[in-house]
Structure formats: C-alpha cells, structure tokens
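K.L.:
Generate coordinates for the sequence data below:
(chains A and B)
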Amino acid sequence: MGVQLTKRAKPVDRRPMTWLESLYLWNIMKGMAVTIKHFFSRKVTIQYPEEKRSYSDVFRGLHILNRDEEGRERCTACGLCAVACPAEAISMEAAERKPDEEHLYREEKYAARYEINMLRCIFCGLCEEACPKDAIYLSKTHAPANYHRKGFIYKKEDLLIPNPLTEPEEYKKALGTIKREPKS
Amino acid sequence: MSEENKLFKVTIDNITIEVPPGTSILHAARMIGGHVTPPAMCFYTPLKESGGKCRTCLVEVSKGSERDPRPMPKLVASCRTTVMDGMEVKNVTSQRVLDARKGVVEFLLINHPIDCPICDQAGECDLQDLSYGHGNEASRYEFKKRIFVKHDLGKYIQLHMTRCIMCYRCVFTADQVTNKRQHGVLFRGEVSEIATYIEKSLENDFIGNIIDVCPVGALTDKTFRFKNRVWFTKPEDAHRDCPTCCGKVTLWRRGNQVLRVTTRKDQWGEVQSFYGETGWICNECRFEKKDVNDWVIEGLSTIPRYSVKGANKYKALEVPHETVGEVIGRKPKLMMDIHTVSDVNNPSIDLSKIQGPATSDVFNKKQIEDKKEN
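P.N.:
The predicted structure follows:
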C-alpha cells in the first residue's frame, strides 16, 4: 500500500459476478430510473427562435456612440476608452471641429474615425466606465454573426445612435422595448 | 577653504542628507527622491528666477537650523528657501502641509476648464498629476470660470489662456533662452493673461521651448494639435546634427510618422542637460523635421512606470514566422489585412505632414478620392 491520499477511497471489489448479477437486470433498472426521472423534471432548453431568454439587467452587448439632446456627437476622441481597453479593440483618429460643424460635434475636438474591432472586444465594459463624456455605452444587443471577419470592424456609422432631432423615428426605434424603470 | 566645502545636514521627513550650502529645500528633497519631494508647478531648474509663484511646494520647517532651532512660523516655499545646517523639514509627514497643498490645488483648479479630454497635454500634465495626488475628487466652485479673448501666437504655438496657471515659466524661457521676448503677462490679478500686446506671432528660433516648460496645456504644439493622444505615441530618443541647437530630442511616433518632437526631459519633467548645457531645441528641429529619416534614433525613452505614457508600448513588434502558406501550398484566403477594412491609421494619410490639426477635409477628401477610384 502506498500513501493514502483520502479517507474516502474504497477498495475495488474484484470478486467474480454471481449469475444474478451477470444478468445486469438490477443495474439496467437503476440506470433507466435516472433517465425516466428527467422526463418529468423541468426542461433546461428553450425553443430558440420562437422563445427567447431575457437578458440580465447587467448584460453588456454591442457598443453605441451617444449623442446629446441636440443631436451632436458626444465623443471627443480623448482616447480613454482605447487606453482602458484590455483587448486593444478600440482605435480612433481625432479632428478639429470647423466653425460650420458646430451642430454636429459637441466639443472643439471630435472623433473623425472611431472603430471597434468586435473580434477583439471582450465586452468587459471598461470603455463605458472610462468615458468622461457619456459618449460610449454598451447596449443590450449582442454582436450578430457574420461570414466575414471584415463584418466585425464596427465603424462610427455602425455605432452612432440615430439623431433624435433629424431622425426621431429611428431614434425611438433604437431606444428599444426594454422597460426602463426610474432609479429610486 | 574648509568653510566653503562644509556640507549642510538637512533632515526632510526624517531622512537626513548632506547638501552643499545654497541648495534649496526642493533640490535637497529631490536628491532623496520619492514621496519626500514636494511637487513643483512653477519652479524650473534650468530657468533662473523661476519659482515661488504657485505655492504647491510649500513645506513646514520644524527646526530652522542648528544655531537657531526655532521653527519657521509659516509654511515656506521649498523652491525658494535655501537649506541651513541642521534644518528639519516636514513634507508629507506634516498635516499642515498636506492641507495647504490641497487648498492650493483647489485654487489652481478654480479657473481651470478641466477639459482634459480635449487637451493635448493630458497624460503628461503636471496639473493633472498634482490634482490626482493632492487634490479633492470634486470641485466646490459653482461660479462661472473666466474666459479670454483668443490670441493667435502664430503657426507653431497654440495658446489656451483658460488653462494657464500663471507660473511665468514661458516668460522666463523667452527672456533667458531666446534673444528677444515677444510675449508676456498683461494686466493684473484675475484678468492677467499671457499674450503679445500687439497681435503678433512668436517667431524666435528657440520660442518652441515654451511649449515644453508649460506645466499645463496652455501652450501646446500646433503641429501636434489633436493628432493623437500622448500615450498612444511612442517616445524615442533621437538626435540630429543641428547647427543651431544641441539636436537631442524625444520623438513621439505613431508607426513611421513622427507626430511630435520635444526636448528630452528628466524624471522631474525638466529639460535635460547635456555636457553642462540645457538641452533646449530650436524651432526647426521641433516643428519642421517630421520625418524619420531626419533623425538618428537611439532607442526607446525610459518612461516612469506610473505614467500613462508607457501604456501598451512594446519594445519591438515580433511577427511570428507564418507557416500556414508552407503547409497548404498557397496563400491562406481568410487572412485579413486590417487596412482593407479599417479607416483608422490609413497609410495614405500622413498626419505628420499636415501643418495644423486635421479637420474633416483631410479625412473626407481621402474618402471622396477612394469612392472615385471605385
């Protein structure tokens, strides 16, 4: 005998089976009982496209880029989301706002390019936490599947929410059907 | 003779050090280093007469000297107070100092716009470091912050007067480094501002150095404006044979683009000295030489670990040997070149070649051209 690692160890019974045991009747019945028990228990699967599970309250899905009440983009390309991103999924390029673009961008500087590589993104939400301008949020939709990798590079057009002033219909639709309970 | 060589013994936060007479408390503390060092916003070692304005380096002197052991009644500015033999100084061990510094930070931030997300200095800003280290989390100030008429300082230097903390470093730099000072502090009190009295641009060969001495984002590089965040650019020491200046600089690169050129700074954020001379650089090196081929690169600059500037920096990009092609006998079809999809860091747009900040024209022009080609 070697070193005993646990007190629960049982010695293996190596005696030859009796005739009754070699019929396996009792063991088959025991196994079937386990199987049949599951017919009457609650199902763990759902019929997916017809039935859908609700997302958790803290679900983090696809990103959106926010606009303010006047429909101007909030992002100023400060780069805090990109530096906070553990997967290095976010990249951007900044530009200076011209005098005739003041209705488009909230601040002097704005993100001319803003891209999130959804192949890299791990949906941790650190970008949302880092943002000082309320510009990026994680929504409650997941990234849809795609046949090509290039379909996962989300650009500013894909991320920006509809303008509440010029596209009120789309904006309303984008708000979704999830009920928002006012925080007490 | 022996009198001259005598070293003064000074104790700062219970750490004793011997320094030559005439050393300021701040310098003695810097010799010890670490948390003992008081922060300094206006004092700048290479600039004579600087210091004594911002009051962030206040320390408590609990024992004046060996001969006169009485404590100094008020907190003193460590950058302008020289050490005495047997002096005992309290910096972080004194609650009075910490409270005073908190108050100073609050005063400095009263009129500061706190537009760090836009500011190009963010990430290497002394005021950011100071307020993180010593300030309150929130502001108690409820009134309107002051605003200024915008002054144009020419094609190289961008002035944001709202961010200025009136440290006078740039004034001293213009006085001591350039041959003629063209800007200064106008008016008094709350309305005082850095400007050229008659609207004109700053055009001295060495005037670009005022960008480096500015502890906040009041004076920033127009050729770097909004090009990238400081912490996404890779700092590298480089030099070039410059006829006017020492030519030793730090290049801030993104890929092969030289986005910014600055002086080399030491661990206190001050311009390094080479062979006893302060390493100021000329405007040509700073603003005109934005090509890798203009420079001899010496290697990565050392960045302190706490600084965000060191985030996501890799010494060298090591691309592993690609074996897929050798195994399957042809090039893999599903490999994606990111530039075919991504617009960011488009190789055909060289931001370093654009004089000022990029606008929608720069990015849209390229898009329009691309659409024409397709």
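K.L.:
Following element in sequence after the host helix or strand of B:Trp252, please.
P.N.:
Assigned by DSSP states H and E, B:Trp252 falls within strand B:248-254. Sequence-wise, the next helix or strand beyond strand B:248-254 is strand B:257-263, with elements assigned using DSSP H and E.
K.L.:
got the residues of chain A near chain B?
P.N.:
Taking C-beta under 8 Å from any C-beta of the partner chain, the part of chain A that reaches chain B is made up of A:76-80, A:82-83, A:88, A:91-98, A:101, A:107-109, A:112-115, A:132-133, A:149-150, A:153, A:155. Yep, even glycine has a C-beta here, placed from its N, CA and C like the rest.
K.L.:
Which ones among those lie within strands?
P.N.:
Applying DSSP state E to those, the entries found in strands are A:91-96, A:109, A:112-115, A:153.
K.L.:
quick one, longest helix in chain B?
P.N.:
Counting by DSSP state H, the longest helix found in chain B is helix B:95-110.
K.L.:
which outside residues touch the following helix or strand past that one?
P.N.:
Past helix B:95-110, heading to the C-terminal end, the next element that is a helix or strand (DSSP H and E) is helix B:126-134. Identification of contacts with helix B:126-134 by C-beta atoms under 8 Å, 6 or more residues apart in numbering or on different chains yields B:39, B:41, B:56, B:98, B:101-102, B:105, B:108-109, B:112, B:116, B:121-122, B:165, B:215-216, B:269.
K.L.:
Is the strand holding B:Trp252 in proximity to chain A?
P.N.:
No: looking at strand B:248-254 against chain A by C-beta under 8 Å from any C-beta, there are no contacts, and the closest approach is 10.1 Å.
K.L.:
Tell me who's in contact with the nearest residue to B:Pro38 once chain neighbours are set aside.
P.N.:
The spatially closest residue to B:Pro38, leaving aside those adjacent along the chain, is B:Cys57, at 4.1 Å (C-beta to C-beta, 6 or more residues apart in numbering or on different chains). With contacts taken as C-beta under 8 Å, 6+ apart, B:Cys57 has the following neighbours: B:26, B:38-41, B:43, B:51, B:77-79.
K.L.:
Select from those residues every entry located in strands.
P.N.:
Among the contacts of B:Cys57, the members that lie in strands (by DSSP E) are B:Ala77.
K.L.:
where do the helices sit along the chain?
P.N.:
Because you didn't say which chain, this covers chain A. Secondary structure of chain A by DSSP H: the helices cover A:19-22, A:25-39, A:80-84, A:126-130, A:156-159, A:168-175.
K.L.:
Correction: the question concerned chain B.
P.N.:
Ranges of helices within chain B are B:2-5, B:25-32, B:95-110, B:126-134, B:169-176, B:209-213, B:283, B:324-328, B:338-341, B:360-373, based on DSSP H.
K.L.:
Any idea which of those helices gets closest to B:Arg264?
P.N.:
Nearest to B:Arg264 among those is helix B:209-213; the distance by C-beta to C-beta comes to 9.6 Å.
K.L.:
what's the spacing between the closest one and its chain's center?
P.N.:
Helix B:209-213 has its average C-alpha position 8 Å from the chain's average C-alpha position, going by C-alpha atoms, centre = their mean, to the nearest Å.
K.L.:
I am finished for the moment; much appreciated.
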